[in-house]
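Colleague: prediction below, plus the sequence it came from.
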Amino acid sequence: MNFSNSVELLAFHNVAYTIYAFMIISVIVWFAYNLTRKEKAKPIVRIPFYTYIGFLVVMGVGHHIFTYNTIPWVSQDITRHDITPDASYKFEVRKHKWINMPKHVTVQCGQTIEFDVQSRDLVYGFGLFRQDGSMAMQMQVNPGTDVNGILDSNDILWTFNHNGVFDVISTEYSGPDAYDRETGEDLMKVKKWLTVVGCKEEGGKK
Amino acid sequence: MSIINNLINGTNFDHKSLNALQKVTLRAVVMSFLFFGLVAIEGMIMRLVQAHAPIPDQFSHPEHYFSIMTVHPIVGIFGSTYQLVFAAFMFLVPFLTKKPLYSVKLANAVWLLITIGTALAWLSAFFTGYAPLYTLYWPLPADTTQFSVFGGIVFIVGVALIMVGTLGFIYNIYATIFQRVGVHKDKTTKELLISGFGIDGMLNLWNKLRGKQPYTKEPALALPVVAIFRGTVDTFLDAIVILSAGVLVLVYLLFDASGHPLNVAAVDALLYKNYFWWGLDLVADGLVLIYVAGSWYLLATLITGQKLFMENVARAALMLELLVSWMVWSHHLLADQGQPEMMKLISGEMVTAFELLTQGLALFITLVTLWKARPLKMSPELAYLLGGLVGFGLAVPAAIIQADMGMNRILHNTQWIIFAHVHIALIVGLYMTLYSAVYVLWPIVTNNTTMFSKKLTWMHFWLYLVGGVGMGAFAGMAGLDGMLRRHLYVNGEFNTLMVIAAICGTMVLIAWVLFLINIVLSVGVKGLIGIFLPAEDKTASYGIEPETVAENHRA
């Protein structure tokens, strides 16, 4: 099993969590019903205490092992400083405006792109969103400089495996000035900023 | 006619029969539920804006919308939840230890300080539009190009008053626990400390493994008091962190007001985030979980009248929970690229996963304790307790899922975490546990006042449970669809899910109205006013033995 983008991962997550939610609600409902009955209830399954504790430990740790091995951006993120990207885009944000940001970016399928966003004042976010509103990825953009006054990097590597057109949205709240005071429109949103081309319909290089 | 009579006089409530401890408890409870109403209305306004409902335009204006979002958690967590929890614990510690509360005057100061502080924070946001959100990410709270300096100062003073009130609660709790009177007359401070930190439970387990006699057969402190003792450690640390962050913001605002603004870049934003989240997370992943586990244990033993199952393990697990709560804050910083990867991995992922274990253990112990006492009558207090278990059963895994470097990349700051986790944990998990405590303690605190209507109680239960879970689930699903939590959407982007979430939110609001009606008709307006009048009986304790309470709940 491997998730090539957030759409696949979130669909899996949605189904898995919904099943879990119905399970835990059902267990408590069954428990509540039998709690009031005089007849002894027959357990559906008998789970020894240490098996239950072991299950919790396995779920807690196994979840991370599972995602590390099935979500490609985890290991890429940890080792990003050792990876040479196919292209880099470095720009700034100040007073709720993107500065030196390319007007539009086109990415070939399978390319790994570095985004390095620096803030000159507040905490912002940098996120790519599909046209249906779903999120492809995001990171926080913290302000700050090193001892030489050079702006701190907020960098991320991302590999695009599916065609699509993406908007940029600041994913962190930075005050009401990020919006039009009357209409409430997001002034930091950049529509159709990035386009990915050259992928097969089901994803992956042609 | 009867309803009007109830409205004025209540059922059989007599405020003159209440002692000082009962009155101070009820004062805080009243304020807590009034703030709960305010927070529910605020939440509904935000739901209606996001659902694109035809409401006045001003609610969609960013400064207004985000000022509501800023005070919503302040009113909800501090004005309502803290007040209710502090009131319950300042009553329960004397009740369980059979000792008087250290100071009723201090308890009065606590609810007054928290009420005034919450009101100040709310007023500053309402009138000046001060809106840095509860996260106060540096340097936004000191950004005077966007916010009023005066508004900021009033807000910070308000939050500081809440924290001073919190410190008052902490002092009162520890002073009561360490009082060497009554059953603790011959106990040393060392014995009480060992019991308070649950070390006796650990030593009992250790001795059992070695085949030796238990360290102690009768621990100095009852298990719920141990939970209060330990949760309050986190409450203290959290208060210190929030207070110090408030002082920092206040210094910058005062210098700005004097015409000599300080350089905000002097404070490292990421370091500040780490410090602030360390403190703030002690609420979410510390005191809430510890207090809730302790409340479950107390409610299970009071409802069943039996000893807690695996009590030594429960005591030891509370200690583990305390240690875990100090080391998990990095799960809030998984999307911060400057955060060291090892901190993300160890603190953000691995240690955080332990919460599944500690909370799962608390759930297990509570369920088995109830199960062993079958058959039980399905009373409101039992139903609310089970509702609370459902809440945490849903909310804790929702957070563990996101406390992962892979999932966080696509879920951070979305509605998933704030609804599927936070709102379900608070509205369903925490509040249903607290409602259970309210119904268990109601006869004790009000001297056996009859509740006006059982039907209203059950209507409140079902509307609240279905509405709370529904709102959390549907708004959480919007998060999976990409909806951000701290973002204003004005074009109906996630309309369908937001409309359903708003309907569920309305159920929670209606449930609160029904609860309020039931309480007012039980206590009466005269009684409500009487609660705030000085008590004739200055006693600061309550004499009923905890065991006798259980008799009323047996099937």
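Modeller: Happy to help now that I have it.
Colleague: tell me the domain ranges of chain A?
Modeller: A:6-70, A:84-197 (automatic domain parsing).
Colleague: quick one: these as TSV, columns for mean neighbour count and mean pLDDT too.
Modeller: All C-beta atoms are positioned from the backbone trio N, CA, C, and that covers glycine. Formatted as TSV, those follow (neighbours: other Cβ atoms under 10 Å in any protein chain shown; pLDDT from 0 to 100):
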stretch	mean neighbour count	mean pLDDT
domain A:6-70	14	91
domain A:84-197	18	97
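Colleague: and A:Ile83, how far from chain B?
Modeller: Here A:Ile83 is placed at a distance of 14 Å from chain B (Cβ to the nearest Cβ, to the nearest Å).
Colleague: also A:Gly127?
Modeller: 8 Å.
Colleague: can I assume that residue sits in a strand?
Modeller: Yes: under DSSP: H, G, I helix; E, B strand; the rest coil, A:Gly127 falls within a strand.
Colleague: surely it is in contact with A:Ser134?
Modeller: No: at 10.8 Å, A:Gly127 does not count as touching A:Ser134 under the criterion of Cβ atoms under 8 Å.
Colleague: re the thing from before, and of the domains of chain A, who's closest to B:Lys99?
Modeller: Closest to B:Lys99 of those is domain A:6-70 (Cβ to Cβ; 33.9 Å).
Colleague: skipping adjacent residues, who's closest to B:Val499 in space?
Modeller: Leaving out its chain neighbours, the residue that sits closest to B:Val499 by Cβ to Cβ, 6 or more residues apart in numbering or on different chains is B:Ala51, at 4.8 Å.
Colleague: distance to B:Thr433 added to the domains of chain A, as TSV?
Modeller: Converted to TSV, the domains of chain A look like this (distance: least, Cβ to Cβ, whole Å):
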stretch	distance to B:Thr433
domain A:6-70	14
domain A:84-197	31
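Colleague: re the thing from before, phi, psi of the residue nearest to B:Val499?
Modeller: Phi and psi for B:Ala51, reported as degrees, to the nearest 10, are phi -90, psi 0.
Colleague: grab the most central residue of chain B for me.
Modeller: Residue closest to the average C-alpha location in chain B (Cα atoms, centre = their mean): B:Thr81, at 4.1 Å.
Colleague: any idea how far B:Thr414 lies from chain A?
Modeller: Using Cβ to the nearest Cβ, B:Thr414 is found at 7 Å from chain A.
Colleague: can you count the residues close to that residue?
Modeller: For B:Thr414, the neighbour count with other Cβ atoms under 10 Å in any protein chain shown is 27.
Colleague: from what I can see the residue nearest to the centre of chain B touches B:Leu430, true?
Modeller: Yes: the criterion here is Cβ under 8 Å, and B:Thr81 meets it with B:Leu430 at 6.7 Å.
Colleague: rewinding a little: list the contacts of the residue nearest to the centre of chain B.
Modeller: By Cβ atoms under 8 Å, 6 or more residues apart in numbering or on different chains, the contact set of B:Thr81 is B:32, B:426, B:430-431, B:434.
Colleague: state which helix of chain B is the longest.
Modeller: Longest helix in chain B, counting residues (DSSP state H): helix B:495-531.
Colleague: meant to ask about chain A
Modeller: Per DSSP H, chain A has its longest helix at helix A:6-35.
Colleague: and the residue nearest the centre of chain A?
Modeller: For chain A, A:Met137 is the residue whose C-alpha lies nearest the centre (Cα atoms, centre = their mean; 4.4 Å).
Colleague: just to be sure, it is in a helix?
Modeller: No: secondary structure of A:Met137, determined by three-state DSSP: strand, with no helix assignment.
Colleague: from chain A, how far out is the closest residue to B:Gly530 other than its chain neighbours?
Modeller: Counting by Cβ to Cβ, 6+ apart, B:His15 is the residue found nearest to B:Gly530 once chain neighbours are left out, at 2.9 Å. B:His15 sits at a distance of 36 Å from chain A (criterion: Cβ to the nearest Cβ).
Colleague: do the same with B:Thr446
Modeller: According to Cβ to the nearest Cβ, B:Thr446 stands 27 Å off from chain A.
Colleague: assess the claim that that residue and B:Leu26 are in contact.
Modeller: Yes: counting by Cβ under 8 Å, B:Thr446 touches B:Leu26, with 7.4 Å between them.
Colleague: looking at those two, which has the bigger crowd around it?
Modeller: Using other Cβ under 10 Å as the criterion, B:Thr446 and B:Leu26 rank with B:Thr446 on top: 26 against 22.
Colleague: next, the more buried one: phi, psi?
Modeller: Per-residue torsions, B:Thr446: phi -110, psi 10 (degrees, to the nearest 10).
Colleague: contacting residues for it?
Modeller: Per Cβ under 8 Å, 6+ apart, neighbours of B:Thr446: B:13, B:18, B:22, B:26, B:523.
Colleague: alright, calling it a day.
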